[in-house]
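> Structure for the following, please:
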Amino acid sequence: MTFAAISSRPSENAEAYRLELTTAERGELKAMAEELAATTPGPVDDPGYLDRARALSCRLPARLLDTLRRYRHDPGAEGTLVVTGLPIDEDALPDTPGAADSVERAATVPAVTATLIGLQLGELVAYREEKSGALVQNVVPVRGLETSQSNAGSVPLEFHVENAFHPCRPDFVGLTCLRQARGESAGTLVCSIRQALPLIDEEDRKVLHQARFVTAPPPSFHSGEQTPAHPVLEGSPDDPNVCVDFNATTALDDEAKQALERLRLTLIDLSSSVELRAGEMVFVDNRIVLHGRADFTPRYDGRDRWLQRIFVHLDNRRSRAHRAHNGAVMA
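Now for the predicted structure:
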C-alpha cells in the first residue's frame, strides 16, 4: 500500500499545526537550549533540570508558543503538529546509538530542545519499566531486533496508541528527528480516529465502545500481563478517544474481532506518512491518533535513522498515585 506524504495543510487550522521556524526563531531556540545545557550539568531526568527547563520554556519564540497552545486546545482532524527548523546540526552528531533500550540522559541541544517544547504542552513523563524511566528516549534500529514490533525494529510497525495498556498513557508523543534514514522512506505513519469515525458502521461503533478487548504491554516493558477488558472507543460517541494497539490488542469474541479488523483496515486506508528530516519534530495526540512506521533497511554503520521520543501528560494529577515523590517517572 502506498502512503501519501502528510499534507502541509491539515483540514482545520492548517497554520496552527505545521510551523516552520524562521532563522531568527531557530537562533533564539538554539541560544535557549545551549543556555540550559551549559547551566545544567546533571541529567535531563533531574528534577532541578526540569524546573529550570519549565521556567525557560516560557521564553520560547512567540509563534511557537501560540502554535503549541492552540494545538493543545484542539489538535484538529489529523491530530498532529509538525515543527521544522529546530537547531539540530546533523553533521555535529555522534554516531547513531545501536544498543537496545538506548536513552539520552545528557543535556544535549536536541534533548533540551524537545524538553523545552514538550513542557509547553504539559508535563514530561516516563515509565520505570520502559527504557529505565528515561524522559528522552532514543528510537533507533537495533541489530537482532529487526522483526520486533517495537521502536528498535525496522519492519513495518502496526498502528497503535502509545502504551495503550496503561491507565495513564501519554496524552502526546513527541518525536524529534536527529538523523533520517538514507535513500528510502522510513516515515511515521499516522491516522486519526476523527478522520476514520464517519466511515465506521454504526453497529461497529457500538461494539468498539464496549469493554470487549484486552491489551498486552509492549516488549519494552518486559511484562506479559494484560489489561482488564476495555473499549477501543471511549468518551463522546461523536468525538471519541481511541485505545488500541493492533499488535497487542485482542478481541474477546468473534463480533468484536471483526469490528476491530474493519477498524484497522479503515485506518490503513486513511493513513498518511510524516517524513521527518533532521531538525524536525512531530507531536501526535495520543488520545485520537494512532501511529506506526514504514519498514526500512538499517546498515548499522553509525548513520542509521535516529529519533528521540518524549511523552507528555496534560494533567499530572491523574497519575500522581503512580509517581513517587511527585516525580516524572511512573511505576
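> How is residue 155 assigned, secondary-structure-wise?
Look at residue 155: counting by DSSP: H, G, I helix; E, B strand; the rest coil, its state is coil.
> what does residue 159 give?
With three-state DSSP as the criterion, residue 159 reads strand.
> right, and it touches residue 268 too?
Yes: when contacts are counted by CB atoms under 8 Å, residue 159 is listed as touching residue 268 (7.3 Å). No exception for glycine: its C-beta is placed from N, CA and C like everyone else's.
> which neighbours do those two share?
residue 191 (CB atoms under 8 Å, 6 or more residues apart in numbering).
> Pick out whichever of the two has more residues nearby.
residue 159 (23 against 18; other CB atoms under 10 Å).
> give the contact list for the more buried one.
Contacts of residue 159 by CB under 8 Å, 6+ apart are 189, 191, 244, 246, 264, 267, 268, 271, 290, 291, 292.
> Surely the fifth one is in a helix?
Yes: note on residue 264: a helix contains this position according to three-state DSSP.
> Not counting residues beside it along the chain, what's closest to it?
residue 246 (5.3 Å; CB to CB, 6 or more residues apart in numbering).
> one step back: name the nearest of the contacts of residue 159 relative to residue 38.
Of all the contacts of residue 159, residue 38 sits closest to residue 291, with 33.9 Å by CB to CB.
> what kind of secondary structure is the closest one in?
Under three-state DSSP, residue 291 comes out as strand.
> okay, now it: neighbour count?
Residue 291 has 22 nearby residues by other CB under 10 Å.
> Tell me if I'm right that it and residue 160 touch.
Yes: with contact defined as CB under 8 Å, residue 291 and residue 160 form a contacting pair (7.1 Å).
> So which residues of the stretch 151-300 of the chain form helices?
In the stretch 151-300 of the chain, helices defined by DSSP state H, counting those that start in this stretch lie at 193-196, 202-208, 254-270, listed in chain order.
> Most tightly packed of those helices?
helix 193-196 (a mean of 21; mean count of other CB atoms under 10 Å).
> Just give the closest residue to residue 146, not the sequence neighbours.
residue 154 (5.0 Å).
> what's the weakest-modelled helix or strand in the chain?
helix 14-17 (a mean of 53; mean pLDDT, DSSP states H and E).
> Wait, residue 280 touches residue 90, no?
No: when contacts are counted by CB under 8 Å, residue 280 is not listed as touching residue 90 (11.2 Å).
> more neighbours, these two?
Per other CB under 10 Å, whichever of residue 280 and residue 90 has more neighbours is residue 280, with 20 against 14.
> Against residue 82, how distant is the more buried one?
7 Å (CB to CB, to the nearest Å).
> now the strands: where do they sit in the stretch 101-250 of the chain?
Counting by DSSP state E, counting those that start in this stretch, the stretch 101-250 of the chain has strands at residues 123-127, 137-139, 157-160, 172-179, 188-192, 213-215, 233-234, 241-242, 249-251.
> Distance to residue 317 added to those strands, as TSV?
What follows is the strands of the stretch 101-250 of the chain, written out as TSV (distance: least, CB to CB, whole Å):
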stretch	distance to residue 317
strand 123-127	10
strand 137-139	24
strand 157-160	26
strand 172-179	17
strand 188-192	27
strand 213-215	24
strand 233-234	19
strand 241-242	18
strand 249-251	27
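> would JSON lines of those with mean pLDDT be doable?
Below are those laid out as JSON lines (pLDDT from 0 to 100):
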{"stretch": "strand 123-127", "mean pLDDT": "93"}
{"stretch": "strand 137-139", "mean pLDDT": "94"}
{"stretch": "strand 157-160", "mean pLDDT": "91"}
{"stretch": "strand 172-179", "mean pLDDT": "97"}
{"stretch": "strand 188-192", "mean pLDDT": "94"}
{"stretch": "strand 213-215", "mean pLDDT": "96"}
{"stretch": "strand 233-234", "mean pLDDT": "98"}
{"stretch": "strand 241-242", "mean pLDDT": "98"}
{"stretch": "strand 249-251", "mean pLDDT": "97"}
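> so which of the ones you listed comes closest to residue 19?
strand 172-179 (13.7 Å).
> what angle sits between the closest one and strand 289-293?
30 degrees (axes from the mean of the first three to the mean of the last three CA atoms, to 10 degrees).
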